[in-house]
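> Requesting a structural model of the entry that follows:
(one chain, ligands or ions: 1)
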Amino acid sequence: MTEQHVYPVREDIAANAWADKEKYLAMYQQSVDDPEGFWAEQAKRIDWFKSPTRIKHTSFDPHDVDIRWFEDGTLNASVNCLDRHLATRGDQTAIIWEGDDPNDAKHLTYREVYERTNQLANALKALGVRKGDVVTLYMPMIPEAAMAMLACARIGAVHSVVFGGFSPDALAQRVIGADSKLVITADESVRGGKQVPLKDNVDAALTRAGAEVCEKVLVVKRTGGDIDWHEGRDVWFHEAVDDQSTECAAEEMNAEDPLFILYTSGSTGAPKGLKHTTGGYLTYASLTHQYVFDYQDGEVYWCTADVGWVTGHSYIVYGPLANGAITLMFEGVPSYPTHGRMGEIVDKHKVNILYTAPTAVRALMAHGDHVMDSSKRDSLRLLGSVGEPINPEAWEWFYRVIGNSRCPIVDTWWQTETGGIMISPLPGAIDLKPGSATRPFFGVQPVLLDSEGQVLEGAVDGNLAIADSWPGQARSIWGDHERFVQTYFSTYKGYYFTGDGCRRDEDGYYWITGRVDDVLNVSGHRMGTAEIESSLVAHETVAEAAVVGFPHDIKGQGIYIYVTLADGVEATEELKKELAQWVRKDIGPIATPDVIQWAPGLPKTRSGKIMRRILRKIAANECDGLGDTSTLADPSVVDELIEHRANR
Ligand code: WTA
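As a prediction, this is how the structure comes out:
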């Protein structure tokens, strides 16, 4: 079996790494034996206005979930990402921007980012944004997105970045949920040579949300494309920013003041806005970025995520910039203009560290080894993977073809909720096994439990929970602490429950097996089955819908939908297309269904609960092992579904 294949730590990497085997073990041990001492020491990597003396105050008790780190310290995240580097690296590149068009690129120094961010911070203030206000960002992958995050942080506003691929409805829901008074967007974004009408989407979203919700829209001119203009509400970014002072005093924030909200999907209900705070998050993002990517001064580091996801927050913006790194931001898609683009960008900017997603690797792999022929990738030293389990085959291809069999791969497991990387190799310390996220980061105590809540020891499969808090952890769900407690702390008393299944092997390595709840992971994007179902039942022809994931070669999981039509509605191929379009428009292209099957009936228990286990098996074309169907109200619906299954 491939999992027996071990790639030992490379000696040349270990020799210069931030941590070798011994150091990892010693630091890990201290981090769990003496969290207070360990994190007090690590917090010194941050510039505080007032250094924290109270380090850890955390409880996972479901009656009193309360998570605080460094609670008497004060700081400002933008000062840590910008100001403090000016003396030592003001003229060093902070952000390399690579446009969608391969002829578009620019370098911005720390001083340039500092000055523009301050100007923007002053502009936000002039527009009436105050400490504690929520600013929504719906932006392309351009440096202004990073600067907008930092400008919010500078004045104590809370940013809520919404992925630019989400629909107007999804955006409206998030603007309302966060009670956001200002949206920052662009006229259009450009991806793969095509324009996406961001501003039009904002207009539509705000019409839906109602005029009283959002007062101002700040618009970056990215393409100069045609847009509607709402006098009194819309403001051009350059007009608001260009004449502002390049100095803006940074707000002194408490460590536990919110830095940002980020919406993500859960197994039930609408997406929830996770609340991350300032001191612990920044300490954790910066420490993990340094150790997991073994970042060395002057290296070029490229994370291919979008800033709309947590990976973009922690590992394009906050972690790298807090560490004075050179971070590359790519506007486009890896397949444009050709499938060689990713490698060509590596060569062009001499990228040393490349952090990407399994789905991107599998998409390239499907084209064969020669897709990387247009680049050499000699500058690469380290590779990283995130977002979903990486199958050993894709891991080996990533290692051999993209990394020229030279670069360790850090397979990093974490979540929007965790703020930063939780389980991952450290390249100088931990031998690699393809497909395994390997070992916990400092301060992280993984636990595997069975469905009864019994803690499992040794080599075993179980549900992954974490036994104690770490500084990067989300503190709450915005406006709904009870839901936070219910979702993460009520399944297993005293533990944070991740929603993931996991196996631990005989060497103590962790292998994430995927979600055990009703959350899908499609191309590394999280989606709740309930969200897609509620979109479908809003269509007049649909009586009932059930959504499950099924194994998909490139996306990891595809979206499989069973639809029961309303009485008298004719089941046609056109209607299938219409429903697929409906979901796509309602949520966004990432939610486009892969398969729709008509279901005259759904398998339900006598109490009316849909048995998703059966639907998942049929969708995966595993119809032999359906298990016990005798508890179904009407077992015959299963035969009907099997007979007409769409994936064989
Ligand atoms: C999955 C992304 C296996 C997992 C940072 C988790 C992974 C969800 C990995 C969080 C990995 C992320 N191996 N599974 N290396 N990384 N996942 O919130 O199911 O967008 O719960 O955060 O992605 O997705 P999210």
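> quick check, residue 574 in a helix?
Yes - Residue 574 sits within a helix when classified using DSSP: H, G, I helix; E, B strand; the rest coil.
> residues in contact with stretch 624-633?
By Cβ atoms under 8 Å, 6 or more residues apart in numbering, the residues outside stretch 624-633 that reach it are 603-606, 608, 611, 613-614, 617-618, 635, 638. All C-beta atoms are positioned from the backbone trio N, CA, C, and that covers glycine.
> for the ligand, what are the nearby residues on this structure?
Listed as neighbours of the ligand in the chain under the rule Cβ under 6 Å from any ligand atom: 264, 309-311, 385-389, 411-416, 437, 498-500, 512, 514-515, 521, 526.
> swap the cut-off to 8 Å and go again
Contacts of the chain with the ligand, taken as Cβ under 8 Å from any ligand atom, map to 264, 309-311, 358, 385-390, 411-418, 423-424, 437, 498-500, 512, 514-515, 519, 521, 524-526.
> and the longest helix anywhere in the chain, what's its mean pLDDT?
The longest helix of the chain (DSSP state H) is helix 110-126. With pLDDT averaged residue by residue, helix 110-126 scores 98.
> If you count neighbours, what's buried in it?
110-125 (16 or more other Cβ atoms under 10 Å).
> of all these, which comes closest to residue 229?
Nearest to residue 229 among the buried residues of helix 110-126: residue 123, at 18.2 Å, using Cβ to Cβ.
> Help me confirm that the closest one comes into contact with residue 243.
No - if you go by Cβ atoms under 8 Å, residue 123 and residue 243 don't touch, sitting 9.0 Å apart.
> Helix, strand, or coil at the residue of the chain positioned farthest from its centre?
Distance to the chain centre peaks in the chain at residue 568, reaching 42.4 Å (criterion: Cα atoms, centre = their mean). Assigned by three-state DSSP, the conformation of residue 568 is coil.
> Which neighbouring elements make contact with the longest helix of the chain?
Packing partners of helix 110-126 (3 or more Cβ pairs under 8 Å, 6 or more residues apart in numbering; DSSP states H and E): helix 86-89, strand 93-98, helix 143-155, helix 237-241.
> can you tell me which of those comes nearest to residue 338?
Closest among the helices and strands packed on helix 110-126, once you apply Cβ to Cβ, is strand 93-98, at 14.8 Å.
> Give me the contact list for that closest one.
Against strand 93-98 from outside (Cβ under 8 Å, 6+ apart): 82, 85, 104-110, 112-113, 142-143, 146, 300, 321, 326-332, 345, 348-349.
> out of the residues you listed, which are buried?
Buried among the contacts of strand 93-98 (16+ other Cβ under 10 Å): 82, 85, 105, 108-110, 112-113, 142-143, 146, 300, 321, 326-332, 345, 349.
> if we can go back for a sec, parallel or antiparallel, list what pairs with the helix or strand just after the longest helix of the chain.
Next helix or strand after helix 110-126 toward the C-terminus (DSSP states H and E): strand 134-138. Strand 134-138 has its sheet partners listed here by DSSP bridges as strand 158-161 (parallel), strand 182-186 (parallel).
> Extract the CA atoms of strand 134-138 and return them as PDB.
Only the C-alpha atoms of strand 134-138 are listed here, as PDB (Å, rounded to 0.1, in the frame of the first residue of the first chain):
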ATOM      1  CA  VAL A 134     -18.300  45.700  10.100                       C
ATOM      2  CA  VAL A 135     -17.000  46.300   6.600                       C
ATOM      3  CA  THR A 136     -17.800  43.800   3.900                       C
ATOM      4  CA  LEU A 137     -15.200  43.100   1.200                       C
ATOM      5  CA  TYR A 138     -16.400  41.500  -2.100                       C
END
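> angle of it against helix 143-155?
Computed by axes from the mean of the first three to the mean of the last three Cα atoms, to 10 degrees, the angle separating strand 134-138 from helix 143-155 equals 170 degrees.
> pLDDT on strand 134-138, on average?
Rounded mean pLDDT across strand 134-138 is 98.
> What ranges in this protein fall below the confidence cut-off?
1-4, 211 (pLDDT under 70).
> try it again with 90
Within the chain, the stretches with pLDDT under 90 are 1-5, 209-214, 266-270, 605-611, 613, 623-636, 646-648.
> returning to what we had before: deepest-packed of the helices and strands packed on helix 110-126, please.
Most buried of the helices and strands packed on helix 110-126 by mean neighbour count (mean count of other Cβ atoms under 10 Å) is helix 143-155; its value is a mean of 27.
> got the contact list for residue 61?
Neighbour list for residue 61: 489, 493-494 [criterion: Cβ under 8 Å, 6+ apart].
> Wait, a helix at it?
No - counting by three-state DSSP, residue 61 is not part of a helix but coil.
> now it: how far from residue 489?
8 Å (Cβ to Cβ, to the nearest Å).
> Surely residue 377 is within a helix?
No - under three-state DSSP, residue 377 falls outside any helix and is assigned coil.
> correct me, but residue 502 touches residue 466?
No - with contact defined as Cβ under 8 Å, residue 502 does not reach residue 466; the gap is 11.1 Å.
> SS state for residue 71?
Assignment for residue 71 (three-state DSSP): coil.
> Output the residue of the stretch 51-200 of the chain whose distance to the ligand is smallest.
Sorted by distance to the ligand under Cβ to the nearest ligand atom, the residues of the stretch 51-200 of the chain start with residue 163, at 10.4 Å.
> what about the nearest residue to that residue once chain neighbours are set aside, how many residues close to it?
Leaving aside its sequence neighbours, residue 163 sits nearest to residue 308 (Cβ to Cβ, 6 or more residues apart in numbering; 2.9 Å). Look at residue 308: counted by other Cβ atoms under 10 Å, it has 22 neighbours.
> List the residues that contact residue 308.
161-166.
> try residue 581
Contacts of residue 581 (Cβ under 8 Å, 6+ apart): none.
> Please shift the residue numbers so they start at 451 in all later answers.
OK, 451 is where the count begins now, so the last one is residue 1031.
> check which helix or strand covers it.
helix 1023-1036.
> Can you point out the buried residues in that helix?
For helix 1023-1036, the neighbour count (16+ other Cβ under 10 Å) marks 1025-1026, 1029-1030, 1032-1034, 1036 as buried.
> nearest to residue 549, of these?
Nearest member of the buried residues of helix 1023-1036 to residue 549, counting by Cβ to Cβ, is residue 1034, at 26.4 Å.
> right, and residue 799 touches residue 752 too?
Yes - counting by Cβ under 8 Å, residue 799 touches residue 752, with 7.4 Å between them.
> Quickly list what's touching both of the two.
Shared contacts of residue 799 and residue 752, counting by Cβ under 8 Å, 6+ apart, come down to residue 778.
> Please, where are all the strands along the stretch 751-900 of the chain?
776-780, 803-806, 832-836, 859-862, 896-899 (DSSP state E, counting those that start in this stretch).
> so which of those strands comes closest to residue 932?
Among these, the nearest to residue 932 by Cβ to Cβ is strand 896-899 (22.9 Å).
> contact partners of the closest one?
With Cβ under 8 Å, 6+ apart as the criterion, strand 896-899 contacts 872-873, 890, 905-906, 910-917, 942, 945, 952, 954, 960.
> How far does that strand sit from its chain's centre?
Relative to its chain's centre, strand 896-899 lies at 23 Å (Cα atoms, centre = their mean, to the nearest Å).
> how many neighbours does residue 830 have?
Residue 830 is flanked by 23 other residues according to other Cβ under 10 Å.
> And the contacts of residue 511, which of them are buried?
With burial judged by 16+ other Cβ under 10 Å, the buried subset of those is residue 939.
> Reformat the contacts of residue 511 into TSV and put secondary structure and distance to residue 741 next to each item.
TSV is the format used below for the contacts of residue 511 (DSSP: H, G, I helix; E, B strand; the rest coil; distance: Cβ to Cβ, whole Å):
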residue	secondary structure	distance to residue 741
939	helix	28
943	coil	32
944	coil	28
